[in-house]
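Q: Could you work out the structure for the sequence below:
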Amino acid sequence: MKRVLALIATVIIANGAGARPFNLSLTPDIAIYDRSETIEGLTLSIWGENQQTSLAIGLVNGMIGQSAGLSAGILNYADNYKGLQWGLINYTKQDFSGWQGGPFFGLLVSAMNYTGGTMTGLQLGMVNYAGHLSGLQLGLVNYAETAEAGVQVGLVNIIPNNEWFTNLPDELAPAMIFVNWRF
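A: Numbers count the residues shown, from 1 in each chain. Next comes the predicted model:
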């Protein structure tokens, strides 16, 4: 199967020295290029997993290392990512910079966005989580372990390191309905 995919890639694109502008992937182990290769261009996959600077379209898009671009799928996951993760579930293990969102029930929100490290930018989802927030969370439930300069708008908004109304206007409270912030 790998040989067939490699032949298709050779026909579709000229394979330049070290350039990996295109990848097709059924799974990370059945793909034109091994998961150790960096893709700079377009990835089409059922389930792909490479370090990328690309447009990734698939059911499951996995980005390893320092990746960037636009990921559109049901599940997008990454080690570190800069750009747009557009899916029902967006997961970044460490740092994310950009916009996490998706097409949930026809809205421009995802079901869940998770960033384990620093989230810089916008999370637009039903449930949003950031290890460290530096941006905006819009959703039903928003949670940030810590925040540097962040705003949460939703039904439940939690920033545990905030104190109760003692540092206004720089921070509001550890938990609030409708809006919470820390600057």
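Q: Could you tell me how far the top strand by length along the chain lies from the centre of the chain?
A: Ranked by residue count and defined by DSSP state E, the top strand of the chain is strand 42-92. A distance of 7 Å separates the centroid of the chain from that of strand 42-92, by CA atoms, centre = their mean, to the nearest Å.
Q: What's the first helix or strand after that strand?
A: Later in the chain than strand 42-92, the nearest helix or strand by DSSP states H and E is strand 96-101.
Q: Specify the angle between that next one and strand 42-92 in degrees.
A: Note on geometry: by axes from the mean of the first three to the mean of the last three CA atoms, to 10 degrees, strand 96-101 and strand 42-92 are set 90 degrees apart in direction.
Q: Please enumerate residues in contact with strand 96-101?
A: 78, 80-86, 90, 92, 108-110, 113, 115, 117-125, 128 (CB atoms under 8 Å, 6 or more residues apart in numbering). Heads up, the C-betas are built off the backbone N, CA and C, glycines and all.
Q: Leaving out the residues flanking it, which one is nearest to the residue nearest in space to the middle of the chain?
A: Centroid-nearest residue in the chain, with CA atoms, centre = their mean: Gln85, separated by 4.1 Å. Distances taken as CB to CB, 6 or more residues apart in numbering put Asn76 closest to Gln85, at 4.3 Å, once the chain neighbours are dropped.
Q: List the contacts of the one you found.
A: Asn76 makes contacts with 56, 60-61, 63, 85-87, 89-91, as judged by CB under 8 Å, 6+ apart.
Q: quick one: which of these is nearest Asn50?
A: Using CB to CB, Met63 is the member of those that lies nearest Asn50, at 7.2 Å.
Q: Tell me, how many residues neighbour the closest one?
A: Per other CB atoms under 10 Å, the neighbour tally for Met63 reads 29.
Q: Just give the nearest non-adjacent residue to Met63, would you?
A: Ala78 (3.8 Å).
Q: Is the one you found bridged to anything, and to what?
A: When bridges are called by DSSP bridges, Ala78 pairs up with Met63, Thr92.
Q: Repeat that for Leu55.
A: Leu42, Leu70.
Q: Might one say that it is in contact with Ser45?
A: No. Contact between Leu55 and Ser45 fails when scored by CB atoms under 8 Å: they sit 11.5 Å apart.
Q: The two: which is more packed in?
A: Per other CB under 10 Å, whichever of Leu55 and Ser45 has more neighbours is Ser45, with 23 against 17.
Q: Contacts only, for the more buried one.
A: Ser45 touches 23-26, 31, 56-61, counting by CB under 8 Å, 6+ apart.
Q: Tabulate the residues you listed (TSV), appending distance to Leu140, neighbour count and pLDDT.
A: Formatted as TSV, the contacts of Ser45 follow (distance: CB to CB, whole Å; neighbours: other CB atoms under 10 Å; pLDDT from 0 to 100):
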residue	distance to Leu140	neighbour count	pLDDT
Asn23	36	26	96
Leu24	37	21	96
Ser25	33	26	96
Leu26	35	15	96
Ala31	36	26	96
Ala56	27	30	97
Ile57	28	16	97
Gly58	27	23	96
Leu59	25	12	97
Val60	25	21	97
Asn61	25	32	97
